[in-house]
Structures are given as C-alpha cells and as structure tokens.
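Asker: what follows is a protein structure lacking sequence information:
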C-alpha cells in the first residue's frame with residue numbers, strides 16, 4: 001500500500017497493474033485512490049473511526 005499526497009499529478013501518474021492498486025493520502029486519513037487493471041481511477045474513503 002503506497003502513500004502520498006493525492007494530487008492531480010499523482011492521479012495522472014497512476015498506472016494500472018494486474019490487480020486493483022490503492023494509493024492512500026498521507027494528510028487526510030482514510031482518503032485514497034483506487035486504480036483498476038482497466039486503468040480506471042476512483043476516489044475511495046475508508047472509515048477510520
């Protein structure tokens with residue numbers, strides 16, 4: 001599981017892999033980016049409470 005600040009540059013640089021990949025934001029707990037093998041990106045939220 002990778003962590004970084006999720007910016008437009010990070011979203012544009014996200015590459016598809018053979019399985020779903022997640023990039024979690026370092027500053028906003030529970031906020032992440034999901035990249036599917038088809039190359040689609042989606043914002044995701046994980047409840048940390």
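Answerer: Looks like it came in fine. Quick caveat: nothing in here was measured; it's all calculated off a predicted structure.
Asker: only C-alpha atoms from now on, for both contacts and neighbour counts.
Answerer: OK.
Asker: list the contacts for residue 5?
Answerer: With contact set as CA atoms under 8 Å, 6 or more residues apart in numbering, residue 5 has these partners: 24-27.
Asker: same thing but at 7 Å, please
Answerer: 25-27 (CA atoms under 7 Å, 6 or more residues apart in numbering).
Asker: how close does it get to residue 18?
Answerer: 23 Å (CA to CA, to the nearest Å).
Asker: list phi and psi for the residue nearest the centre of the chain.
Answerer: For the chain, the residue nearest the mean C-alpha position is residue 33 (2.0 Å; CA atoms, centre = their mean). Main-chain torsions, residue 33, degrees, to the nearest 10: phi -120, psi 130.
Asker: secondary structure element for the residue nearest to it when sequence neighbours are not counted, which one?
Answerer: Distances taken as CA to CA, 6 or more residues apart in numbering put residue 43 closest to residue 33, at 4.6 Å, once the chain neighbours are dropped. In the assignment (DSSP states H and E), residue 43 maps to strand 41-45.
Asker: and for residue 11?
Answerer: Counting by DSSP H and E, residue 11 is part of helix 8-13.
Asker: what angle separates the helix or strand that that helix is followed by from strand 41-45?
Answerer: Downstream of helix 8-13, the first helix or strand assigned by DSSP H and E is strand 21-25. Angle of strand 21-25 versus strand 41-45, following axes from the mean of the first three to the mean of the last three CA atoms, to 10 degrees, is 50 degrees.
Asker: who touches stretch 38-49?
Answerer: 15-16, 30-35.
Asker: coming back round to it: how about the contacts of residue 5 in a markdown table, adding neighbour count and distance to residue 11?
Answerer: Formatted as a markdown table, the contacts of residue 5 follow (neighbours: other CA atoms under 10 Å; distance: CA to CA, whole Å):
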| residue | neighbour count | distance to residue 11 |
| --- | --- | --- |
| 25 | 17 | 11 |
| 26 | 14 | 14 |
| 27 | 11 | 16 |
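Asker: could the residues you listed go into TSV alongside pLDDT?
Answerer: Formatted as TSV, the contacts of residue 5 follow (pLDDT from 0 to 100):
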residue	pLDDT
25	93
26	92
27	92
